[in-house]
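Student: The sequence and its predicted three-dimensional model are supplied below.
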Amino acid sequence: MVTIDDIAKKMKVSKGTVSKALNGAFDVSETMRKSILETAVEMGYTKPLRKKEAPRFCVFAVTMAYRNPEDFGSDIITGFRKMAEPAGCTVAIQQLDAAFREANPSFDGYMLEHNYAGALFLDLDLQDPWLKQLHTSRTPAVLLDNYVMQNAATAYIGTDNDEAMYLAIQHLKKLGHQKIGYLSGTLNAYINQVRYEAFFRALQLHGLPCDRELAGTSNHLLENLQVHFPRLMQQGVTAFMCSHDLLAHGLMLHCQDLHIRVPEDISIVGFDDLPICAYTNPPLTTIRQDRTQMGKSAYYALSSLAENIPISTLLLHPQLVVRNSTGAPPVHTDNSCTPDPQ
């Protein structure tokens, strides 16, 4: 275990200066403070908990909404706090915006400076600089829908996407659909890659056509709706699986504009079961992720990592929620769906 004395000897300063810098004392210069923090991180120093002191955790969000009850991240944070706070832990929420990143380029350094025992990340894309740091970081970190290999200080929590896609494709096949398309956000996010591959594995397991041309991916909703959707319809697709509910809802609204009936002409399935799903027109069939339980499992994983228990992956079972956006395919179909002239 690296000690304050070790850091002081390496930097040739007093133990008191190191201690003050690590605890944010005002009488240590900013240059010295940063230098000591960088050295402490390089040496693998972690602050020991004082007796009867509960850990402090931080939840980081980039773009995921969490402030309102209907937001995807809200239930996750609530579930995390329901486990952490009764155990005496403090939970802080931090937005990873441009100003924060400029002031805090180092994940381990920020966590050490603010005496956080671990972090929960709600949304990091594959190009995020902190995600790259997590490959070698020493601070316990749990990532929602993201996976870091070969670092025992990190864990991945989420929903079993293979099971989710299997349930959705099984439902559509039982209704009679033989050609199912997939619309997704861009594949520069780990979770989109996972769901994309899980969709095709599910098609294969159910003996359905699994040509990669049956999928469309884009970071732009309009490209999915105006380019990929008509292309897939021309291939005779009668049901669409969407990577998330907001995309599915956008597709439903687009179909209404084109006088394409849901589910009479096409069926649509979403993913997440956001509160809006019960109130769309028609109500959306979707895959439910129990977000409160995901938050609780995140705390379990993070507290385990803090105790040096190297949890790698913790996945929850999904649930298929059948509503009115799925039904049997049209009896007579051609290669396209002609809008109602009325």
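Tutor: Now that the structure is in, tell me what you want to look at.
Student: Give me the nearest residue to residue 282, chain neighbours excluded.
Tutor: residue 324 (3.7 Å; C-beta to C-beta, 6 or more residues apart in numbering). C-beta here means a position set from N, CA and C on the backbone, and glycine is covered the same way.
Student: what about the one you found, neighbour count?
Tutor: 14 (other C-beta atoms under 10 Å).
Student: now swap in residue 250 and tell me
Tutor: If we define neighbours as other C-beta under 10 Å, then residue 250 has 18 of them.
Student: Next: the one 4 residues further on.
Tutor: By the other C-beta under 10 Å criterion, the neighbourhood of residue 254 contains 16 residues.
Student: Distance check, it against residue 240.
Tutor: Look at residue 254 and residue 240: by C-beta to C-beta, to the nearest Å, they are 11 Å apart.
Student: cool, and residue 270?
Tutor: In terms of C-beta to C-beta, residue 270 sits 10 Å off from residue 240.
Student: Show me whatever sits in contact with both of those two.
Tutor: residue 248 (C-beta atoms under 8 Å, 6 or more residues apart in numbering).
Student: Give the helix, strand or coil label for the residue nearest to residue 282.
Tutor: Put simply, residue 324 is coil when judged by DSSP: H, G, I helix; E, B strand; the rest coil.
Student: pretty sure it is touching residue 280, no?
Tutor: No: judged on C-beta atoms under 8 Å, residue 324 makes no contact with residue 280 at a distance of 9.1 Å.
Student: what residues are shared contacts of residue 254 and residue 240?
Tutor: residue 229.
Student: Please enumerate the helices of the stretch 101-250 of the chain.
Tutor: Secondary structure of the stretch 101-250 of the chain, counting by DSSP state H, counting those that start in this stretch: helices at 107-113, 129-133, 161-175, 190-205, 221-223, 229-234, 245-257.
Student: Report the residue spans of the chain with pLDDT below the cut-off.
Tutor: Under the criterion pLDDT under 70, the flagged ranges of the chain are 48-53, 332-342.
Student: show me what contacts the residue nearest to residue 282?
Tutor: 263, 282, 283, 285.
Student: and these, which of them are in helices?
Tutor: Among the contacts of residue 324, no residue falls in helices (DSSP state H).
Student: And those residues, which two are furthest apart?
Tutor: 263 and 283 (10.8 Å; C-beta to C-beta).
Student: Which one of the two is surrounded by more residues?
Tutor: residue 263 (20 against 15).
Student: Which of the three states applies to the closest residue to the more buried one other than its chain neighbours?
Tutor: Take residue 263 and drop its neighbours on the chain: the residue closest to it by C-beta to C-beta, 6+ apart is residue 327, 3.5 Å away. Put simply, residue 327 is coil when judged by three-state DSSP.
Student: Now do the nearest residue to residue 177 once chain neighbours are set aside against residue 230, distance only.
Tutor: Leaving out its chain neighbours, the residue that sits closest to residue 177 by C-beta to C-beta, 6+ apart is residue 239, at 4.2 Å. Distance check for residue 239 against residue 230: by C-beta to C-beta, it reads 16 Å.
Student: Which one's more surrounded, these two?
Tutor: Between residue 239 and residue 230, counted using other C-beta under 10 Å, the more crowded position is residue 239 (27 against 14).
Student: so what's the more buried one up against?
Tutor: So residue 239 contacts 172, 175, 177, 179, 180, 181, 266, 267, 268, 269, 326, 329 (C-beta under 8 Å, 6+ apart).
Student: So which of these is the closest to residue 103?
Tutor: Out of these, the member with the shortest distance to residue 103 (by C-beta to C-beta) is residue 269, at 42.4 Å.
Student: Over to residue 313: give its phi and psi.
Tutor: Dihedral pair for residue 313: phi -140, psi 140, per degrees, to the nearest 10.
Student: okay, now it: neighbour count?
Tutor: Residue 313 has 11 nearby residues by other C-beta under 10 Å.
Student: From residue 266, how far out is the closest residue to it other than its chain neighbours?
Tutor: Nearest residue to residue 313, sequence neighbours excluded (C-beta to C-beta, 6+ apart): residue 156, at 4.8 Å. Using C-beta to C-beta, residue 156 is found at 34 Å from residue 266.
Student: Have a look at those two and say which one is more surrounded.
Tutor: residue 266 (27 against 20).
Student: Output the helices of the stretch 101-250 of the chain as JSON lines; include the columns distance to residue 96.
Tutor: Listed next are these as JSON lines, based on distance: least, C-beta to C-beta, whole Å:
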{"stretch": "helix 107-113", "distance to residue 96": "10"}
{"stretch": "helix 129-133", "distance to residue 96": "7"}
{"stretch": "helix 161-175", "distance to residue 96": "24"}
{"stretch": "helix 190-205", "distance to residue 96": "16"}
{"stretch": "helix 221-223", "distance to residue 96": "24"}
{"stretch": "helix 229-234", "distance to residue 96": "33"}
{"stretch": "helix 245-257", "distance to residue 96": "21"}
